[in-house]
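*Asks:* show me the folded form of this:
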Amino acid sequence: MRWALVKVCLAVTTMVVAAFAVPLGLVVREMASDRAFSNAERQAATIGPTLSITTDPLQLRKAVESTQMGAARRMAVHVPAVAGAAAVDIGGPGESGAGWAGAQAVAETRGYGRGMTTSVPGGGSALLQPTALGSGDIAVIEIYVPESEVSNGVTTAWLVLAGVGLALIVGSVAVADRLGARLVRPAERLADAAHRLGEGKLGARVSEEGPKELRSAAVAFNSMADQVVELLASERELAADLSHRLRTPLTVLRLNAASLGEGPAAEQTRAAVEQLEREVDTIIRTAREQRPTAAQGFSGGGCDASEVIRERMDFWSALAEDEGREVRLAGVDRVVRIPVARPELAAALDAMLGNVFRHTPEGTPFAVDVHDATDAVIVLVSDAGPGIVDPDAALRRGNDGGRDGSTGLGLDIVRRVAESTGGDVRLGRSVLGGTEVRVWIALDGRTRGGSAGARGRRGGRRKRSR
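*Replies:* Numbers count the residues shown, from 1 in each chain. From the prediction side, this is the model:
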């Protein structure tokens, strides 16, 4: 495309230059010729007054030699026989004064009574100008115009025109090449980015440069690539989250299998549950490793947090009773609306309570408290277990906080639920002596600032102390 544009521009410019330069060169040549013959006519007119006064050969010779053309031996005066006197030829290339055009041309000029131009053998031209004498006869003034004077400056002008035309052609080719590059390079970059994206390189993007249309195409391509990344991330995140939710029934199966006692059937059941847990963990890790780093938000309407927590606690309380765990639930006796979809809140609660059952010994008590503040809802999940070695590391996705058998995805699910509302998640030491997971769910959708966070933490401590 680039070279095609250059070729088209070259052909068009060449035709334009030829259309203007050739006629202009001819005009220059005609102007040089007109200038030479106009000068010859002026020189011929200078001898006219002398011929109107006298036809004396001596006086005429002096008058001819006093002119520029006469001094250069380029003027001749042909006077016919007057009152019985012989015809006189003065000047010319030789002593005879015969002139350059010849007697026939002089006679034709005298007969026609008007000036004429004729070519001279050997090169050049002769201007024949008739002049009336006092006796009524016609004298002819002849001026020799050499070829060098007729073409004086023509060659230089033609060279200048050729140079200007060549410069125009070269300049137009250079401009066309730059314009072609400006058009082609963004298109090539866009095509290359599309190929790389098609090969699975999701980071392929194109710079938004070039003409307006190509910039719009680049913006649309980048937006499409971002949406592809987001869709893939959502798909992988959904696969990881759904797989993680399978761990809740797997926990129940593991606990039930542990109570089966001894025997081949019990061992096979426990082996199958362990194998299933390993497969689920593999799915979670695979989805997590392939997940892009861009955070994904949550969609959907809100729900009643108290209702969801009561429902999930009914499920987990049965397991807690089997393991001899003491359970305390507070703050769920009234409606608490939060901007989180019901399935997402249920998944977050299952992740936190599943961690309690998975990482604390049997018989360890735990508690779930809900605090309804003005601008936020705080959900506290506390236990009396050994706690988390590194709370900050546990909140980072892909880190288990020092616990064996963890994919590090459960707390990440909780964190994303909180951050989707503008809140956050913090780990600390609970009043029971173990781990406390505090989930701050903002009600106004604004990200918490430093002062708001401090107020939330102080409020949480006061309510726990009460």
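*Asks:* residue 65 against residue 73, yeah?
*Replies:* No - the pair residue 65 and residue 73 does not pass the contact test of Cβ atoms under 8 Å, sitting 9.4 Å apart. (Each C-beta comes from the backbone N, C-alpha and C, glycine too.)
*Asks:* which residues do the two both contact?
*Replies:* By the contact definition Cβ atoms under 8 Å, 6 or more residues apart in numbering, residue 65 and residue 73 are jointly contacted by residue 91.
*Asks:* all strands of this structure, in order?
*Replies:* Listed in chain order, the strands of the chain (DSSP state E) span residues 75-79, 88-91, 116-119, 125-132, 138-145, 303-304, 327-330, 337-338, 366-372, 376-383, 424-429, 435-442.
*Asks:* between those, which gets the lowest average pLDDT?
*Replies:* Comparing mean pLDDT across those, the lowest value falls on strand 88-91: a mean of 74.
*Asks:* circling back: would you list the strands of the chain in TSV and tack on distance to residue 270?
*Replies:* TSV is the format used below for those (distance: least, Cβ to Cβ, whole Å):
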stretch	distance to residue 270
strand 75-79	134
strand 88-91	138
strand 116-119	124
strand 125-132	124
strand 138-145	124
strand 303-304	36
strand 327-330	26
strand 337-338	39
strand 366-372	25
strand 376-383	25
strand 424-429	31
strand 435-442	27
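*Asks:* residue 171: neighbouring residues, count only.
*Replies:* Residue crowding around residue 171 was assessed by other Cβ atoms under 10 Å; the count is 11.
*Asks:* residue 426 - nearest residue in space that isn't next to it in sequence?
*Replies:* The shortest distance from residue 426 to any non-neighbouring residue, by Cβ to Cβ, 6 or more residues apart in numbering, is to residue 438 (4.8 Å).
*Asks:* and for residue 75?
*Replies:* Leaving out its chain neighbours, the residue that sits closest to residue 75 by Cβ to Cβ, 6+ apart is residue 69, at 4.0 Å.
*Asks:* identify the residues contacting stretch 33-53?
*Replies:* With Cβ under 8 Å, 6+ apart as the criterion, stretch 33-53 contacts 59-60, 63-64, 67-70, 75, 77, 79, 115, 117, 125, 127, 129, 131-134, 139, 141, 143, 145, 149-152.
*Asks:* how about the helices of the stretch 1-150 of the chain, start to end?
*Replies:* For the stretch 1-150 of the chain, the helices identified by DSSP state H, counting those that start in this stretch occupy 2-46, 48-53, 57-66, 68-71, 103-112, 147-150, in order along the chain.
*Asks:* residues contacting residue 148?
*Replies:* Going by Cβ under 8 Å, 6+ apart, residue 148 touches no other residue.
*Asks:* residue 231 too?
*Replies:* Residues near residue 231 by Cβ under 8 Å, 6+ apart: none.
*Asks:* how near is it to residue 195?
*Replies:* In this view, residue 231 and residue 195 are 20 Å apart by Cβ to Cβ, to the nearest Å.
*Asks:* hmm, residue 330 is touching residue 378, no?
*Replies:* No - under the criterion of Cβ under 8 Å, residue 330 is not in contact with residue 378, lying 11.8 Å apart.
*Asks:* ok, and the helix or strand in the protein with the lowest average confidence?
*Replies:* Comparing every helix and strand of the chain by mean pLDDT, DSSP states H and E singles out helix 450-465 as the least confident one, with a mean of 37.
*Asks:* just to revisit the earlier point, which of the helices of the stretch 1-150 of the chain sits closest to residue 358?
*Replies:* Across the helices of the stretch 1-150 of the chain, the minimum distance to residue 358, taken as Cβ to Cβ, is reached by helix 2-46, at 63.6 Å.
*Asks:* what's the angle from the closest one to strand 75-79?
*Replies:* Computed by axes from the mean of the first three to the mean of the last three Cα atoms, to 10 degrees, the angle separating helix 2-46 from strand 75-79 equals 40 degrees.
*Asks:* excluding residues flanking it in the chain, which one is nearest residue 252?
*Replies:* In space, and not counting its chain neighbours, residue 252 is closest to residue 319: 6.3 Å by Cβ to Cβ, 6+ apart.
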